[in-house]
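J.: Structure for the following, please:
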Amino acid sequence: MKRVFGETLRSKLVPAQVNELLLKVIAFNITRMIHSIFELGVTVPGISKSTQAALTACGG
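T.: I've put the predicted structure just below:
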């Protein structure tokens, strides 16, 4: 995670640092999910079949 988003926080106040770190974790999880969809062919529950087909077509 530090390699992708950097190891420093830009915020000065502790509550803002906590929020920034939580957002980095969410962003990292989204990138991992996207990687799983495209590289591993994982299907995501709750999305329509046409959206899943479009994601699969874009991924190769």
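J.: in this protein, which ranges drop under the pLDDT threshold?
T.: Residues of the chain meeting the criterion pLDDT under 70: 59-60.
J.: Quick one: the helices in it, in order.
T.: Counting by DSSP state H, the chain has helices at residues 2-5, 14-40, 49-59.
J.: Which secondary structure elements does the last one sit against?
T.: For helix 49-59, the elements it packs on are helix 14-40, judged by 3 or more CB pairs under 8 Å, 6 or more residues apart in numbering; DSSP states H and E. The C-beta positions use only the backbone N, C-alpha and C, and glycine is treated the same way.
J.: Centre of the chain to the helix it packs on, how far?
T.: Centroid separation for helix 14-40 versus its chain: 5 Å, with CA atoms, centre = their mean, to the nearest Å.
J.: Buried residues of it, list them for me.
T.: For helix 14-40, a neighbour-count test (16 or more other CB atoms under 10 Å) marks K24, I37 as buried.
J.: orientation of that helix relative to helix 49-59 in degrees?
T.: Using axes from the mean of the first three to the mean of the last three CA atoms, to 10 degrees, the direction of helix 14-40 lies 80 degrees away from that of helix 49-59.
J.: Report the distance from stretch 27-42 to the chain centre.
T.: In terms of CA atoms, centre = their mean, the centre of stretch 27-42 is found 7 Å from the chain centre.
J.: and if you look at stretch 13-22?
T.: Taking CA atoms, centre = their mean, the mean C-alpha location of stretch 13-22 is offset from the chain mean by 19 Å.
J.: and L55, how many residues sit next to it?
T.: Counted with other CB atoms under 10 Å, the burial measure for L55 works out to 17 neighbours.
J.: likewise A57?
T.: The tally of other residues near A57 (other CB under 10 Å) stands at 8.
J.: I'd like to know how far it sits from G41.
T.: The gap separating A57 from G41 is 12 Å, by CB to CB, to the nearest Å.
J.: Kindly report the same for V18.
T.: Going from V18 to G41 by CB to CB gives 35 Å.
J.: Also I26?
T.: Looking at I26 against G41, where the rule is CB to CB, the gap reads 23 Å.
J.: Equivalent analysis for R3, please.
T.: For R3, the distance to G41 (CB to CB) stands at 25 Å.
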